[in-house]
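Asks: Show me how the following folds:
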Amino acid sequence: MAEKSELDIEISIIIPILNERDNLQELQGQLTQVLAQVGRSYEIIYIDDGSTDGSQKLCREFAQSNPHVMLVELRRHFGKAAALQAGFETARGEIIITMDGDLQDDAKEIPAFLEALDDDLDLVSGWKRDRQDPISKTLPSRFFNFVTSQLTGIPLRDFNCGFKAYRREVVENLDLYGELYRYIPVLANAKGFRVGEIPVEHRPRLHGKSKYSIERFFRGAFDLVTVLFLRNYQRRPLHLFGLIGVCIFLTGFAVDAFLALQWFLGLSSLSNRPLLIFGTLLITVGVQVLIFGLLAEMITAATYRRSEVTQSIRQVYRHDASEGR
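Replies: Purely as a prediction, here's the structure:
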């Protein structure tokens, strides 16, 4: 086996930051110490998501003085999903680890993530078992995690933990936007990757302010609907819209058929029955939903790429004729 060149990177650490200047110096020191003990080639990538407190200046100094450090500056604040996506596209490592820059994630957990990936997993998510946050954050988070687990069937207890480890092929198949970073395990599972979870230490925030707001909770709820649709119906949209359309159509048809039977038997007149208009409306809406589903199916067929099937193959086993097997 050929030796790795100096440009070969085994581990990439991606850290999105937004106004975390007071935490970065200590974080950098902890990462350097832990990664030196791990004994694998690595890079640390800071993604500045529009900081205004001088965080990017400090990260530039890290990059200038340490060949293992890289800084990616976004033009403005785009959000965590865009920052992570920028990190995924920049990272060169075979294993990618994401963590927050607020010092609440402990760098000493990195070896545990690497060990978990060796247990035949593709993505390992952290579980903040003893979360050091106020109840205004922990209570909505528990509700969110419970609902997501029940609706997706993925038995994780902390979907929103930013401390995660991925094999490279996982991040190459992710396309994050909006608040979808919350549902990375769901998106990865939908593509056939094996997802697991390990407990991690969660430390109280010492410097800076939390970026959490109740608005993010509601945005996350809407994105859950998006993820469920993409997970279950991205390649067969007619199965969803067809079912809805047929149900609406049959309801309208039953209403109008009932009124028509009454009129035929002379039991009622149709001229003063608003229910007739309602039934006709349901039939029209049902047909429109069916047509919408057919159009979505046509778009899916037109954009379907054979390469996506190849990307879904985990491993190929072949008979080794040279050994007579």
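
Asks: Distance of residue 147 relative to residue 292?
Replies: Look at residue 147 and residue 292: by CB to CB, to the nearest Å, they are 27 Å apart. (Glycine included, C-beta is placed from N, CA and C.)

Asks: If you could redo that for residue 286, that was the one I meant.
Replies: In terms of CB to CB, residue 286 sits 11 Å off from residue 292.

Asks: circling back to that earlier point, out of residue 147 and residue 292, which sits in the more crowded spot?
Replies: Neighbours were counted for residue 147 and for residue 292 using other CB atoms under 10 Å; residue 292 has more, 16 against 13.

Asks: List the contacts of the closest residue to that one other than its chain neighbours.
Replies: Nearest residue to residue 292, sequence neighbours excluded (CB to CB, 6 or more residues apart in numbering): residue 241, at 5.5 Å. By CB atoms under 8 Å, 6 or more residues apart in numbering, the contact set of residue 241 is 289-290, 292-293, 296.

Asks: Where does pLDDT dip in the stretch 1-150 of the chain?
Replies: For the stretch 1-150 of the chain, the stretches with pLDDT under 70 are 1-7.

Asks: what are the ranges of the strands in it?
Replies: Applying DSSP state E, counting those that start in this stretch to the stretch 1-150 of the chain gives strands spanning 11-17, 42-48, 69-73, 95-98, 123-128.

Asks: Mind giving me the packing neighbours of the fourth one?
Replies: The reference is to strand 95-98. On a contact count with 3 or more CB pairs under 8 Å, 6 or more residues apart in numbering; DSSP states H and E, strand 95-98 meets strand 11-17, helix 80-90, helix 110-117, strand 164-167, helix 168-171.

Asks: doesn't residue 202 make contact with residue 104?
Replies: Yes. The criterion here is CB atoms under 8 Å, and residue 104 meets it with residue 202 at 5.8 Å.

Asks: Phi and psi next, for residue 159.
Replies: For residue 159, the backbone dihedrals are phi -70, psi -30 (criterion: degrees, to the nearest 10).

Asks: isn't it right next to residue 143, touching?
Replies: No. The pair residue 159 / residue 143 is not scored as a contact, 11.8 Å apart, by CB under 8 Å.

Asks: neighbour count winner among those two?
Replies: residue 159 (23 against 11).

Asks: Local confidence estimate at that one?
Replies: Residue 159 carries a pLDDT score of 88 in this model.

Asks: what sits against it?
Replies: Residue 159 touches 125, 144-145, 148-149, 182-183, 185-186, counting by CB under 8 Å, 6+ apart.

Asks: who touches the nearest residue to residue 91 once chain neighbours are set aside in this structure?
Replies: Among residues not flanking residue 91 along the chain, residue 12 sits closest, at 3.7 Å (CB to CB, 6+ apart). By CB under 8 Å, 6+ apart, the residues touching residue 12 are 42-43, 45, 87, 91-93, 95-97.

Asks: same question for the helix or strand residue 295 falls within, mean pLDDT?
Replies: Element membership of residue 295, judged by DSSP states H and E, is helix 274-303. Mean per-residue pLDDT for helix 274-303: 85.

Asks: same question, stretch 177-191
Replies: Per-residue pLDDT over stretch 177-191 has a mean of 87.

Asks: and the residue nearest to residue 233 when sequence neighbours are not counted, how many neighbours?
Replies: The spatially closest residue to residue 233, leaving aside those adjacent along the chain, is residue 240, at 4.5 Å (CB to CB, 6+ apart). Using other CB under 10 Å, residue 240 has 15 other residues around it.
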